[in-house]
Structures are given as structure tokens and as C-alpha cells.
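K.L.:
I would like to see how this sequence folds:
(one chain, ligands or ions: 1)
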Amino acid sequence: MLKYLSLPTGKKKEFAELSLKELDIRLPLRAGITLKKTGNMKNTMPGRNSFFKLLGIDKSRIYSCCQTHSKRVLDIENGSPKKYSSFKADGLITENMDAVLTVTVADCLPLFIIDRTKSVFGILHSGWKGTGIILNAISIFRSKYNCRPEDLQVIIGPGIGSCCYEVEKARYESFRSQFGSQSVKMAGKRFYLDLKNANICLLLEAGIDHIAVVRDCTFCNQDFASFRRDGPVNYIHMLAFIGNIHAYTTGTSAHDTTTTGRTGTNPTYDTPEA
Ligand SMILES: [Zn+2]
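P.N.:
Residues are numbered from 1 along each chain as shown. Reported below is the predicted structural model:
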């Protein structure tokens, strides 16, 4: 069951909410990503605190890590967010339902993973260097929490699409040899990566087929921040987050889904929230 979503980013919205309703998720979790206009969500930026205030989330619940484009995933057990924020890693997993897990992105993919039967969930930052981090996360879900692949549900968030992610031939060839022909694209004599397809292939091979993919390309869609489009000096970080969050009301849900694959159903999402 592979579904595609689009994220409406309405003028008054601070962030786009990823609706979890079409996945079979029983946990009271909500997930989303901030928009470019929300401001820079880098760890050190004051806008980040303002955003969490808006969501009504206390700082003591917010976990992040020191992202390095690695494939390392932290299992959050006991310990303060401050302790984990200095660890070099690009993913977080927890069974602590008080924790709100976050990563920052700007073209790289945010990946959200949720078990449908246990209270375990995670978030990852996955760009071209980190592609494959999803397998390390799945390994922790399986070994530490005894999760079954068929119970894991994954949302592939907005990131740079194969429409815009042009690379050198060498990187194209390396990616294709690692992740298969679906993970790359050629147009004329130009070479492109398809990060979303690369992750879909990895997930299907790992036995996970409950996958929702956000269509939006962060380079094409000006509502999102893009490292490639905005440049190394001007780009900002968007914040992707998942957790048990009740207080916020300003998000907007994904809509316009189409389904491909085995179920043959054609679900629709609720209309965006007010
Ligand atoms: Zn694009």
C-alpha cells in the first residue's frame, strides 16, 4: 500500500501537518513540518522556541540530535533532551510518549516511522549521504522493541524531488549501484537522484509496505525551504516533528491522496483543519 500525499500550506499556516489518518496508527501522535515563512528552525535560532510555544510544547519534551548526514540513529531512553542534542546522529527513536522527536531539513527527506501496535515511533533526516539510515532505524525497531516489519508505517516527508536534484554522473552511478535504477533518473544528458524512490525500494525490500509519500518537491514549492534553491548563505532549516501533541490548532492536514499497490482503495484525507 503506497500512498501519495500533497501538503497544502495555506497562507495563515505556520506548518503543514502530515495526516496519519490513512495509515493504521493507533497512537495519539501528530507529525508535521514547518514552512519557510515560519523561519529558521536551526537549534540555535530563537524562532524555534517560539514555534514550540505556539504548539504548547514544553522544552523538556523536545528531543533533537547533532545532525551530520550520518546513518546513526539514537534510541532515546532516559535522559534529558540536552544530553541527546549533542550526540552526532541523524535519527531518533523512542517509546516515551512524552517525547517530541525532531530533525531539521532543507531538501533532505524527513522520514517518520510509527509502529501500529506498540508505542514506538521515530524520525530521521535522510539526504543522499544518509540514504540507508532507514535500515538502521528498522533494525532498532526490530531488535530493541520486537516490532514486526508489517506493523511499521512510514511517511516520507517533503524533500527535493527527482525533478530538481541534478547531480554529477559519478554520484548518479554510485546511487544507482547502491539503491537500484528506480533511485535515479536521466533527462537528456543530465543526471538526477530520486531520494524518495530510493527509500521506497529499501522499505519494500525490508518488508514494509505501509508507506505514504509526500509529493511536494522542496525546490519547486516555494512554501518550503530549499538548500539548493536558496543557496548556502540564505537557506534556512525547516523543523520536522512527531509526538503526542494536543495543544496546537494552526496546522493543516495533507490532502489529495492517491493510492497505488495492493489495496486498490482510493482514500481521501479530511479537508484541512481550520
Ligand atoms: Zn522539483
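K.L.:
from here on, just use CA atoms for contacts and neighbour counts.
P.N.:
Noted.
K.L.:
for the stretch 1-150 of the chain, which segments count as strands?
P.N.:
Taking DSSP state E, counting those that start in this stretch, the strands of the stretch 1-150 of the chain run over residues 2-6, 15-18, 30-34, 62-63, 74-76, 91-94, 100-105, 109-115, 121-126.
K.L.:
let me know which of these is the nearest to residue 243.
P.N.:
Closest to residue 243 of these, according to C-alpha to C-alpha: strand 100-105, at 4.3 Å.
K.L.:
which one of the strands of the stretch 1-150 of the chain has the lowest average pLDDT?
P.N.:
Mean pLDDT values for the strands of the stretch 1-150 of the chain show the minimum at strand 15-18, a mean of 82.
K.L.:
helices and strands around that one, which ones?
P.N.:
In this structure, strand 15-18 makes packing contacts with strand 30-34, judged by 3 or more C-alpha pairs under 8 Å, 6 or more residues apart in numbering; DSSP states H and E.
K.L.:
measure residue 1 to residue 214 for me?
P.N.:
Distance, residue 1 to residue 214, using C-alpha to C-alpha, to the nearest Å: 14 Å.
K.L.:
on that earlier part again, a markdown table for the strands of the stretch 1-150 of the chain, including mean neighbour count and distance to residue 158?
P.N.:
Output for these, formatted as a markdown table (neighbours: other C-alpha atoms under 10 Å; distance: least, C-alpha to C-alpha, whole Å):
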| stretch | mean neighbour count | distance to residue 158 |
| --- | --- | --- |
| strand 2-6 | 20 | 9 |
| strand 15-18 | 26 | 10 |
| strand 30-34 | 24 | 9 |
| strand 62-63 | 21 | 21 |
| strand 74-76 | 19 | 22 |
| strand 91-94 | 26 | 17 |
| strand 100-105 | 28 | 9 |
| strand 109-115 | 26 | 6 |
| strand 121-126 | 30 | 11 |
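K.L.:
so between residue 1 and residue 214, which is more surrounded?
P.N.:
Counting neighbours by other C-alpha atoms under 10 Å for residue 1 and for residue 214 shows that residue 214 has the greater number, 21 against 15.
K.L.:
let's have the strands of the stretch 1-150 of the chain in JSON lines, adding distance to residue 163.
P.N.:
Converted to JSON lines, the strands of the stretch 1-150 of the chain look like this (distance: least, C-alpha to C-alpha, whole Å):
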{"stretch": "strand 2-6", "distance to residue 163": "16"}
{"stretch": "strand 15-18", "distance to residue 163": "22"}
{"stretch": "strand 30-34", "distance to residue 163": "21"}
{"stretch": "strand 62-63", "distance to residue 163": "33"}
{"stretch": "strand 74-76", "distance to residue 163": "32"}
{"stretch": "strand 91-94", "distance to residue 163": "26"}
{"stretch": "strand 100-105", "distance to residue 163": "18"}
{"stretch": "strand 109-115", "distance to residue 163": "15"}
{"stretch": "strand 121-126", "distance to residue 163": "18"}
